[in-house]
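**Q** The following comprises the amino acid sequence and a computationally predicted model.
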Amino acid sequence: MKTKTVLIIDDEIENRKLLKIILKKLDINLNILEAENASQALDILKTIPVSLVLLDILLPDMNGVQILKSIKKDVTVIIVTALEKDELELEGRYIFVQKPINVQNLIKILKETLSKDENI
């Protein structure tokens, strides 16, 4: 099975740690990358093909919505944010998970997403 690359974009280290733990629990062959701000995320997105992005919207250097424009259309994006879904004026197919994270719900979403997209 091909290794899938997941990019976690969140400025809070505790959130990145939690998401990384959740991803490792899936028992799927994943390459997990982390970015603590938008500029790191954009550098990674330019140079490394990713399969899945876990994106916080509230970042210190740029709004996460702006990062969405740099993510290829075939990449699945799960928005993980403290904002309400209706506060975000987003177009496109994004999966929304509100903080604080319901771990069991996120695990279910990740399993469905990663197993359904064989090209990921």
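**A** Okay, I see it.

**Q** drop to CA atoms for contacts and neighbour counts, all remaining ones
**A** Will do.

**Q** Show me where the protein has its helices.
**A** 13-25, 38-47, 64-68, 103-116 (DSSP state H).

**Q** Include distance to Leu7 when you put these into JSON lines, please.
**A** Listed next are the helices of the chain as JSON lines, based on distance: least, CA to CA, whole Å:
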{"stretch": "helix 13-25", "distance to Leu7": "10"}
{"stretch": "helix 38-47", "distance to Leu7": "8"}
{"stretch": "helix 64-68", "distance to Leu7": "12"}
{"stretch": "helix 103-116", "distance to Leu7": "13"}
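
**Q** Could you find the closest non-adjacent residue to Ile107?
**A** Ile22 (6.8 Å; CA to CA, 6 or more residues apart in numbering).

**Q** Same question for Lys85.
**A** Phe96 is the one closest to Lys85 (CA to CA, 6+ apart), at 7.1 Å.

**Q** At the geometric centre of the protein, which residue do we find?
**A** Taking CA atoms, centre = their mean as the criterion, Leu54 is the residue nearest the geometric centre of the chain, at 0.9 Å.

**Q** That one is in contact with Ile79, isn't it?
**A** Yes - assessed by CA atoms under 8 Å, Leu54 is found in contact with Ile79 at 5.9 Å.

**Q** Please list all residues in contact with the closest residue to Glu36 other than its chain neighbours.
**A** Closest residue in space to Glu36, ignoring its immediate chain neighbours: Asp11 at 4.2 Å, by CA to CA, 6+ apart. Going by CA atoms under 8 Å, 6 or more residues apart in numbering, Asp11 touches 35-37, 56, 59-60.

**Q** which of those are buried?
**A** Neighbour-count burial (16 or more other CA atoms under 10 Å) is assigned, among these, to 35-37, 56, 59.

**Q** Looking at those, which is nearest Thr47?
**A** Ala35 (13.4 Å; CA to CA).

**Q** Spit out the contact partners of the closest one.
**A** Counted by CA under 8 Å, 6+ apart, Ala35 has contacts 7-11, 41.

**Q** Show me which pair in those residues is furthest apart.
**A** Going by CA to CA, the pair spanning the contacts of Ala35 furthest: Leu7 and Asp11, at 12.8 Å.
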